[in-house]
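> would you be able to build a 3D model of this:
(4 chains)
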There are 2 protein chains.
Amino acid sequence: MTIQDERAESPGRTQRADARRNHDLLLRAAREIFDEEGDTSMEAIAKRAGVGIGTLYRHFPRRIDVVEAVYRDDVDQVVAVAERDVATMSPWEAVDSFLHAFVAYAFGKRRFLTELREAFEKNPELKCDARERLEAAIRLVVERGQGAGVVRADVTGDEVFGLLGPMCTSASLTREQCDRLVGMVLDGLRPPVTR
Amino acid sequence: MTIQDERAESPGRTQRADARRNHDLLLRAAREIFDEEGDTSMEAIAKRAGVGIGTLYRHFPRRIDVVEAVYRDDVDQVVAVAERDVATMSPWEAVDSFLHAFVAYAFGKRRFLTELREAFEKNPELKCDARERLEAAIRLVVERGQGAGVVRADVTGDEVFGLLGPMCTSASLTREQCDRLVGMVLDGLRPPVTR
DNA sequence: CTTCAAATGGAGGGACCCTCCGTATAATAG
DNA sequence: CTATTATACGGAGGGTCCCTCCATTTGAAG
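Numbering: from 1, shown residues only, chains lettered A, B, ... in the order given. Alright, predicted model coming up:
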């Protein structure tokens, strides 16, 4: 186990060529099939990749490991948007732009993200790196707004994530409704005014 | 089939005493076991009720039918709160009070509601009566606020439901965070002010 | 080529949802 | 009370899925 982990972490060590190739085939197959079908079985992923079910489980011991691996790439894209917005926009513009972009992206992946969310609920300890990076991206934008005084201070970025993330995976809302709700949430994010 | 439906709809017609008793036993068992375990198997429900699995399926042909039956009672309670708030409070107070009450109630039932939401996602056509009554309850409160000019007009009650409902079933938010987010959403619900 | 750890593939175990149908029984007629 | 019968019951078993196990194969090193 330890040996295997060390090997995985130092790519120079021996990993057989067929293993690396099958790993890539499986990941590609999983991404395709999640995009097309929404949910699927482990058998279907293995078949799509052209390998046996045992090979799939060698590379991804549990179903959630496949889901998480696919998730990782998605997170990269969102993080990049956050960093770009923070670098190029005013504090409030960045919040507005990023939250809309986040919801747009998440909405398009809703079926896959539903599966991921279920996996997280079954294994709450699995707040994996990917998810933490995503929350960090939202925090980056939100806390910058709070520092500039354009975002209320009594809500955290993680909480905003907890509000908008589940909304995107809700089957009953259209894309337009999600956008409208983001607008409303943005209004709620501004520092409260006395009425 | 038609005969059976007609019989079910007119309670005076013959339904055997054991059937009615088992129906109640099953419903009670399902409620208990959902509250205690969160999710469960059909076998466990039947066992808890002391009947065979076949009897369970006679009364509730699919898993979602059990979930929906339990859901129905929950909805009754929420609807009653909405009606009480509308009858006894000012338009804005009713919105504030009801949304907090709604989230508090839903939060306590989060594990069960997660199961229900999944069922809805698998069968989107099953926007059952119960769910519609729930949405109607939120509409009742929200639209009254809109009529009085204290709630922005460009968001519907159903959309607020779509925002807060999924939030409650999110595993990553605590009760306190949900409450704080409701406060923020309430601020966002007020008619926008120019800044 | 030899050797062997690494990797493969698929049968099968276990859990679950649901169907089917032989058996049992409540309700009704005589 | 008994006979009749539609109604209801119970659980074996089919199908699907996740995952494990291990006999077999194969890439890589000497």
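
> only C-alpha atoms from now on, for both contacts and neighbour counts.
Noted.

> now do the domain split for chain A, please.
Residue ranges of the domains in chain A are recorded as A:12-61, A:64-189, according to automatic domain parsing.

> how far off centre is the first one?
Centroid separation between domain A:12-61 and its chain, computed with CA atoms, centre = their mean, to the nearest Å, is 20 Å.

> anything in the top helix by length along chain A sitting right up against DNA strand C?
In terms of residue count, the longest helix belonging to chain A (DSSP state H) is helix A:63-88. No. Using CA under 7 Å from any atom of the strand, helix A:63-88 stays clear of DNA strand C, coming no nearer than 12.7 Å.

> for that helix, buried residues please.
Neighbour-count burial for helix A:63-88, counted by 16 or more other CA atoms under 10 Å in any protein chain shown, picks out A:64, A:66-68, A:70-72, A:74-75, A:78-79, A:81-83, A:85-86.

> filter these down to the ones close to DNA strand D.
Judged by CA under 7 Å from any atom of the strand, the overlap between these and the neighbourhood of DNA strand D comprises A:I64.

> which of the buried residues of helix A:63-88 sits closest to DNA strand D?
Distance from DNA strand D was checked for each of the buried residues of helix A:63-88 by CA to the nearest atom of the strand. The minimum falls on A:I64, at 6.6 Å.

> up against chain B, what does chain A have?
The interface of chain A toward chain B, taken as CA under 8 Å from any CA of the partner chain, is made up of A:120-121, A:124, A:154-155, A:159-160, A:162-164, A:166-167, A:170-173, A:177, A:180-181, A:184-189, A:192.

> check chain A for the residue nearest chain B and tell me.
Proximity of chain A to chain B (CA to the nearest CA) peaks at A:G188, 3.7 Å away.

> helices along chain A, start to end?
Under the criterion DSSP H, helices of chain A are mapped to A:2-9, A:17-37, A:42-49, A:53-59, A:63-88, A:91-108, A:110-122, A:129-147, A:157-168, A:175-189.

> ranking the ones you listed by mean pLDDT, which is last?
When the helices of chain A are ranked by mean pLDDT, helix A:2-9 comes last with a mean of 36.

> put the buried members of the residues of chain A next to chain B into a PyMOL selection.
Under the burial definition 16+ other CA under 10 Å, those of those that qualify are selected in PyMOL by:
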select buried, chain A and resi 120+121+155+159+160+162+163+164+166+167+170+171+172+173+177+180+181+184+185+186+187+188+189
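
> ok, the residue most central in space within chain A to DNA strand C distance?
To find the centre residue of chain A, average its C-alpha atoms and take the closest one (CA atoms, centre = their mean): that gives A:V75, at 4.5 Å. Summarising the geometry, the distance separating A:V75 from DNA strand C, computed by CA to the nearest atom of the strand, to the nearest Å, is 26 Å.
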